[in-house]
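Novice: Any chance you can model this:
(chains A and B)
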Amino acid sequence: MSILSMCQWLQDTNIGTSIRESIWVFPIIETIHVLALSISVGLLLVSDLRLMGYIMKRRPVSEVYEQIKPWMFIGFSIMVVTGIFLFWCQAVKAYNSIFFRAKVVLLILAAINALAFERGIYRTVDRWDNALVPPMEARVAGWVSLIFWLAIITCGRTMAYTF
Amino acid sequence: MSAIVPFFQWCDNSLIAQSIRNSRVAFPVIENFHLFALTVLLGSLVVLVLRQFGLVYKSQSIAEVATALRPWNRWSMAVMLTSGILLFLSEAMKCYGNTSFRWKMFFLFFALLFQFTIYNRIVKNEGASAPIGGKVAAAVALCLWFGVGLAGRAIGFLG
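Specialist: Numbers count the residues shown, from 1 in each chain, chains lettered A, B, ... in the order given. Predicted coordinates:
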């Protein structure tokens, strides 16, 4: 079974068809997906900016990061759940979109970056927790995260256009 | 209402509007910046509201958190308004007949008014915890700005 035929099967399921053909459900899910950007990427911005050494410099990095983390997690959970439903009802269109494909790749890269940060430089945070400007490796993790997420937003928004 | 139709027509016919319409990529590019700014604007507001409700950053006063976030709030608002004006110009006549656009302007007017006359002053003077009035103001600001976002998204869906 090819990926395309799996996408076709997915969007032809009852749930896929219902969302697509409903006047209200699709716009509601999409609106939640967009507004939840503020509690996912919006909150991530604050911890990334602390890693880069641009915001709340007098507070420990771990404090700025750890306290916002559960809320960020709520935001990203909303994104994932609404995102799955949006994909479900238009899987073929998404599969054929170069922007959607790029978005998936970027999401994987952003996840790898987050994991590499947690397993890497963040393990030694005790040594630089109070640094006004964290070490290079942490700053790079912050920049990379922010750039990936801006690119993910761009791909997500642009896949809705037909050029 | 019809007295303002010529203004919308003038916007719709302006050189900027025509240039945006004539370009395949201008509108999507501007809209992406509008969305980046939404993320930063609402994100910085959510952090401040969480702080007012005592859910994050309790080791900093509310005024300190507000000060740290202020430049991001201001810059994103500037990008938001600039990109928003450009988007509006390019489809001014469509916006004129669009109920969601009117709601968006309603929310935007009160969001800006509330933020600059009341909310910013309140958070500037709040210390370790927000009194009930401060929490109400936080909820009002959050509702107004999310109202702008909600109505904005509805422009494309509902008409």
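Novice: So which bits of chain A are right by chain B?
Specialist: Within chain A, the positions adjacent to chain B are A:27, A:30-31, A:34-35, A:37-39, A:41-43, A:45-46, A:49, A:55-56, A:59, A:63-64, A:67-68, A:71, A:150, A:153-154, A:157-158, A:161, A:163 by CB under 8 Å from any CB of the partner chain. The way it works is simple: take the backbone N, C-alpha and C, and place the C-beta from them, glycine included.
Novice: just the buried members of these?
Specialist: A:30-31, A:34-35, A:37-39, A:41-43, A:45-46, A:49, A:55-56, A:59, A:63-64, A:67-68, A:71, A:150, A:153-154, A:157-158 (16 or more other CB atoms under 10 Å in any protein chain shown).
Novice: Can you read off the pLDDT for the residue of chain A found nearest chain B?
Specialist: Across chain A, no residue is closer to chain B than A:Gly42, which sits at 1.7 Å (CB to the nearest CB). Looking at A:Gly42, its pLDDT stands at 96.
Novice: Just give the nearest non-adjacent residue to B:Val148, would you?
Specialist: Spatial nearest neighbour of B:Val148, chain neighbours left out: B:Phe107 (4.4 Å); criterion: CB to CB, 6 or more residues apart in numbering or on different chains.
Novice: Outside of the host helix or strand of the one you found itself, list whatever touches it.
Specialist: In the assignment (DSSP states H and E), B:Phe107 maps to helix B:99-114. With CB atoms under 8 Å, 6 or more residues apart in numbering or on different chains as the test, helix B:99-114 has contacts from B:95, B:137, B:140-141, B:144-145, B:147-148, B:150-152, B:154-155, B:157-159.
Novice: of the residues you listed, closest to A:Ser77?
Specialist: B:Leu150 (20.3 Å; CB to CB).
Novice: who touches that closest one in this structure?
Specialist: Neighbour list for B:Leu150: A:31, A:35, B:107 [criterion: CB under 8 Å, 6+ apart].
Novice: CSV please, covering those and showing pLDDT.
Specialist: Output for the contacts of B:Leu150, formatted as CSV (pLDDT from 0 to 100):
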residue, pLDDT
A:Thr31, 94
A:Leu35, 94
B:Phe107, 97
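Novice: Surely B:Glu31 and B:Leu86 touch.
Specialist: No. B:Glu31 is not in contact with B:Leu86 according to CB atoms under 8 Å; the separation is 9.4 Å.
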